[in-house]
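# Curious how this folds, go ahead:
(one chain, ligands or ions: 1)
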Amino acid sequence: MPLVAMQDLLQHAHRHRYAVGAFDLINLDFLSGILAAAEAQRAPVILSLAESHFAHFDFELLMAATLTAAQRTPVPCAIHLDHGKTLERAVEAIRWGANGVMVDASHLPFADNCRFTAEVVAMAHACGVCVEGELGYVPGSCGVDAERHPGPLQYTSVEEAQAFVAATGVDCLAVSIGTIHGRLHGLPQLDFERLAAIDRLLGLPLVIHGGTGLSEEQFRRLIELGVTKINYFTALDDGAGATMRAAVAEGDMACSQISSGVRRAVQSRCEQMIALWGGNGRAAEVLAQCRPWREVEHLVLFKPEASASAEAVAAQFAEGRRALAAIPGVRAVRVGHSVRDDARYSHAWLIRFAHEDVIDHYRDHPAHVAFADQRFRPLAPDRLTTDYRLD
Ligand code: 13P
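Predicted coordinates for the structure are as follows:
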C-alpha cells in the first residue's frame, strides 16, 4: 500500500531539497508510463488529474484505475486533484481516492482567493488530505501553445504569500514567478529573487506549474530555492503525440498499434525529469519516513427493533445511503444483510472512509447527526459500531 500522506511526501522533499514530479495523466498509458518511470528510478511520484482535462476522460473511472495502480506500485506516491474549480470537485476527488487537492482560485481577488481556499482547507484537512493553494497567476493552458494563454501573468507578492498561508493553512503553495502552462517558444524569464524571498519567509513546500520547457539550470535553481513539487504535462502530451504521428506515418495501423508507443514515450520523459529533479533513489527512505495513507472501514452492525417492518428498514437504508455518501471523506456506503438467519446482528452498514481523520469529522457532521438521531438509532437500539484501518 505505498500511497503515503502527501504532506509527508512534500515535507521529505523539502527537507532534502529535491522536487517530486506531479505528472498529469489523461489515460491508462500515461498512468502506467508515469509509474513505470517512478519504479525504474525508485522515486516518489504524484499522480495528478487536472480538471481542465476532464473532457478527455471519465474522472471517476480514471481515479479508480489510478487508485488501484497506486496501491500496487512499490514506490511511494500520492493522488492529486490538479486545478479543481469547486469545493464540490475537491469532495468528489477525495471520494474517489485523492489524498491531495488543489482548488485553483488564483484568478480571484486576494480576499476571495483566501476565503475560498480556506474553505477547501477546512474540508480537506478534516479528511487528512493535503491542500495546495495558488497565489499570483500562472497563465497558459496545458497541452497548447503558451501564447494562447487566457490572461496576463501575475507575479506572487511576497507579503501576500505570507498572509495567504496564515489565512488559509495550505500545506504547499503554488507560486507565479514567470512560468507559463503549455508549449513554450524560448525560455521564460524566471524571478528567482522573488522565489528566494518567498522561500525564506514561508519555509513551506513550494510548487511550480508550467514545468514544460524550462532549462536544466532553471530547474536546479528552482529546487535550490524551495520548489518541491513540479507540475508537468505538455511535454508528455507532445511526446505521446509525436510517437503516434510517427506510427501513423508508417501506414495502415490499427488503434492499438498507433498508441502502442505512448507508454514508453511517457516513461522515458518522466524518467529524465525525475533524475533531473533529484527524486531518483529516494523511494525507500520516503516509505520509511512518511505515514502510509490507509482507508478505514466504519462498521455498524445492528438488529432492527422488533416492531420495525422490512419496509421501514429499507427506507432508512435508502435515506442513509444518500445522506451519508455526501459527507466529505466518505468513499462509499454499502449496506448488507447477514447470510445467517440466527445472526446476533442481522443488518450492517459498511462505510468506507478515505482516512482515519474522517472518523471524528463524520461523527460530528450535521448530516450524520440528523440521520443517526432521527432515523437510525430509534430503529436500531441493539447495535455495535467499530472502525478498522485497512491494511
Ligand atoms: P505544463 O503543461 O506546462 O508542463 O504545465 C503543467 C501544469 O502546470 C499542470 O498543472
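
# ok, which residues in the protein are in contact with the ligand?
24, 50, 82-83, 142, 181-182, 209-212, 231-234 (CB under 6 Å from any ligand atom). For glycine as for every other residue, the C-beta is placed from the backbone atoms N, C-alpha and C.

# Which positions in the helix or strand hosting Ala90 come out as buried?
Element membership for Ala90 (DSSP states H and E) is helix 87-95. For helix 87-95, a neighbour-count test (16 or more other CB atoms under 10 Å) marks 87, 89-95 as buried.

# Between all of those residues, which two are at the greatest distance?
Using CB to CB, those span at most 12.7 Å, a distance reached by Leu87 and Arg95.

# which helices and strands sit right next to the helix holding Ala90?
Under the contact definition 3 or more CB pairs under 8 Å, 6 or more residues apart in numbering; DSSP states H and E, helix 87-95 sits against helix 59-72, strand 77-84, strand 100-103, helix 110-125, strand 330-337.

# Surely Gln47 is within a strand?
If you look again at residue 47, you'll see it is Leu, not Gln. Yes. Looking at Leu47 with DSSP: H, G, I helix; E, B strand; the rest coil, it is inside a strand.

# May I have the helix holding Ala90 as CSV, with CA atoms only?
Extracted C-alpha coordinates of helix 87-95, given in CSV (Å, rounded to 0.1, in the frame of the first residue of the first chain):
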residue,chain,number,x,y,z
LEU,A,87,-15.3,22.7,-3.4
GLU,A,88,-17.6,20.0,-4.7
ARG,A,89,-15.0,18.8,-7.1
ALA,A,90,-12.5,18.5,-4.3
VAL,A,91,-15.0,16.5,-2.3
GLU,A,92,-15.6,14.3,-5.3
ALA,A,93,-11.8,13.8,-5.8
ILE,A,94,-11.4,12.7,-2.2
ARG,A,95,-14.4,10.3,-2.5
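
# Would you format the buried residues of helix 87-95 as a markdown table with distance to Ala275 and pLDDT included?
Below are the buried residues of helix 87-95 laid out as a markdown table (distance: CB to CB, whole Å; pLDDT from 0 to 100):
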| residue | distance to Ala275 | pLDDT |
| --- | --- | --- |
| Leu87 | 37 | 97 |
| Arg89 | 33 | 98 |
| Ala90 | 32 | 98 |
| Val91 | 36 | 98 |
| Glu92 | 34 | 98 |
| Ala93 | 29 | 98 |
| Ile94 | 32 | 98 |
| Arg95 | 35 | 98 |
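
# Could you check the pLDDT of Val165?
pLDDT, Val165: 98.

# Tell me if I'm right that it and Leu206 touch.
No. Val165 is not in contact with Leu206 according to CB atoms under 8 Å; the separation is 10.7 Å.

# Name the residues contacting each of these two.
Counting by CB atoms under 8 Å, 6 or more residues apart in numbering, the residues touching both Val165 and Leu206 are Leu173.

# So between those two, which is more surrounded?
Leu206 (27 against 22; other CB atoms under 10 Å).

# bridging residues for the more buried one?
Leu173, Val227 (DSSP bridges).

# Now do the same for it: its pLDDT.
98.

# so what's the backbone phi/psi at the residue located most distally from the centre of the chain?
Farthest-out residue of the chain from its mean C-alpha position, per CA atoms, centre = their mean: Ser307, at 46.3 Å. Backbone torsions for Ser307, taken as degrees, to the nearest 10, come to phi -80, psi 0.

# distance of it from Val300?
20 Å (CB to CB, to the nearest Å).

# Using PDB, list the CA coordinates for stretch 303-312.
This file holds the C-alpha atoms of stretch 303-312, laid out as PDB (Å, rounded to 0.1, in the frame of the first residue of the first chain):
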ATOM      1  CA  LYS A 303     -30.600  -5.700  14.800                       C
ATOM      2  CA  PRO A 304     -33.700  -3.700  13.900                       C
ATOM      3  CA  GLU A 305     -36.100  -3.000  16.700                       C
ATOM      4  CA  ALA A 306     -38.800  -5.900  16.800                       C
ATOM      5  CA  SER A 307     -41.700  -3.700  15.600                       C
ATOM      6  CA  ALA A 308     -39.800  -2.300  12.600                       C
ATOM      7  CA  SER A 309     -41.100  -3.500   9.300                       C
ATOM      8  CA  ALA A 310     -38.800  -4.600   6.500                       C
ATOM      9  CA  GLU A 311     -40.100  -1.600   4.500                       C
ATOM     10  CA  ALA A 312     -39.100   0.800   7.300                       C
END
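
# and Ala370, how many neighbours does it have?
11.

# Would you map the helices across the stretch 251-391 of the chain?
Taking DSSP state H, counting those that start in this stretch, the helices of the stretch 251-391 of the chain run over residues 255-258, 262-277, 283-289, 310-325, 358-364, 366-371.

# So which of these is nearest Asp391?
Here helix 283-289 is closest among the helices of the stretch 251-391 of the chain (CB to CB), at 15.1 Å.

# list the helices and strands that closest one packs on?
Applying 3+ CB pairs under 8 Å, 6+ apart, one finds that helix 283-289 contacts helix 6-16.
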